[in-house]
Structure formats: structure tokens, C-alpha cells
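# sequence plus the predicted model coming up.
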Amino acid sequence: MSDLRAALRHHTLRTGLVEFDNGAGSIVSVPCTIRDVSATGARLQLNSSAWVAEQFSLIFRSGLRKDCRLAWRKERLIGGAFSAGYASATEQAAMMTADEQSRHRLGIGARVKAARETRGYTESQLAERLGVAPAFVGQAEQGEVDIPLYQLMHIADLLMVGLDGLVAGAVPEEVEA
């Protein structure tokens, strides 16, 4: 699987615009539904059957504009890969609503908690090994704070789980993330 297809996608279902040069010097704007986004691209459903150029800009409701290249197309559904590669953390935050970000944090926290409990660590023991306050571990497991990537990597090592499992694995049944 390519890196572009393997990136974690966040389901969004909100409106945006696809803008491109039609080859005659005019800019065409086509409304779309942004079905999901990742750090490397987006899956879009066009609201019309308009032709889309190989290079286009995706404009999010927040005003964020990402230059894209057409990765694939199936009728009105298209995949756009970000031309600059990965979107920054700030751009990714702008691509997701606050509610989506909250659900994502909650899912990561629930997976950290499940892995911690499986390994038999208390919040205090994990916090000590990470060099953070026990309150931080509790807040992170409740989805109240973001866990920086370097700490997620350390947590994955300590709990002997894959980083991808912490970030994108199955969410424990008692949590709706």
C-alpha cells in the first residue's frame, strides 16, 4: 500500500471548493463534499460531473487552501494528493472540526489506557517512566490534551505496542471515538 493510501484518514463530510485553471486562462470553482482528509490528501465527492484538472486547489471552509494533484477518479469521487507532501499539524487541525479533533484525541487516549492496563501499569507508573505528571497521563487518556508525537512513540515503546495501533487502531468498545 502506498504511503498516500496508508495515511490515517479522518471522516469529515463537509463542504469545500475545488479550483483549477480550465486551460483557457479561466479559474473554475466546483463545489465538493470533503469526505475525509489525511496528512497526505483528501477524498472528495464532486457536486457535479465537471471535469477536474490534474492540478487543483482544495479550499476548506476555514479558508485553508491546499494545492493538490489528482491521484485517482471514480465518477464523481476523486482522490487528491497534497502537492507539497504532508500537511503540517496546524493545517491538519484546520482540516478537522473541533469535534473531530476531540473524538480523535479521545480514541488515542482510550487506546493508550487499554495498552497501559494490558501491560499492568498504573497511570503513576507510566507517568514516571515518561517523565510527566500523573495528571497529564489521566488527561491524555480522557482525550482532554494532545499527546505529542515523541511521547506517543515513547509510550508505544514502553507498552510494547505499535505506534500505528495507538494512533489509528481499534477503539475499545466502551469508548465512542
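Yes, it's here.
# C-alpha from now on. contacts and neighbour counts both.
Will do.
# just the helices from this structure, written as ranges.
If you assign secondary structure with DSSP state H, the helices in the chain sit at 3-6, 89-95, 98-119, 123-130, 134-141, 149-159, 163-168.
# need the ones you listed in CSV with distance to E19, mean neighbour count and mean pLDDT, can you?
CSV is the format used below for these (distance: least, C-alpha to C-alpha, whole Å; neighbours: other C-alpha atoms under 10 Å; pLDDT from 0 to 100):
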stretch, distance to E19, mean neighbour count, mean pLDDT
helix 3-6, 22, 12, 42
helix 89-95, 17, 15, 77
helix 98-119, 25, 19, 88
helix 123-130, 46, 16, 96
helix 134-141, 39, 18, 95
helix 149-159, 33, 15, 90
helix 163-168, 31, 17, 79
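# break this protein down into its structural domains.
Taking automatic domain parsing as the reference, the chain has its domains at 3-94, 97-168.
# farthest from the middle of the protein: give me that residue.
Here the chain reaches farthest from its C-alpha mean at A24, the gap being 35.4 Å by C-alpha atoms, centre = their mean.
# tally up the residues packed near A50, please.
13 (other C-alpha atoms under 10 Å).
# just give the nearest non-adjacent residue to it, would you?
Beyond its immediate neighbours in the sequence, the residue positioned closest to A50 (C-alpha to C-alpha, 6 or more residues apart in numbering) is V30, lying 7.5 Å away.
# measure the one you found to Q151 for me?
From V30 over to Q151 the distance is 41 Å, taken as C-alpha to C-alpha, to the nearest Å.
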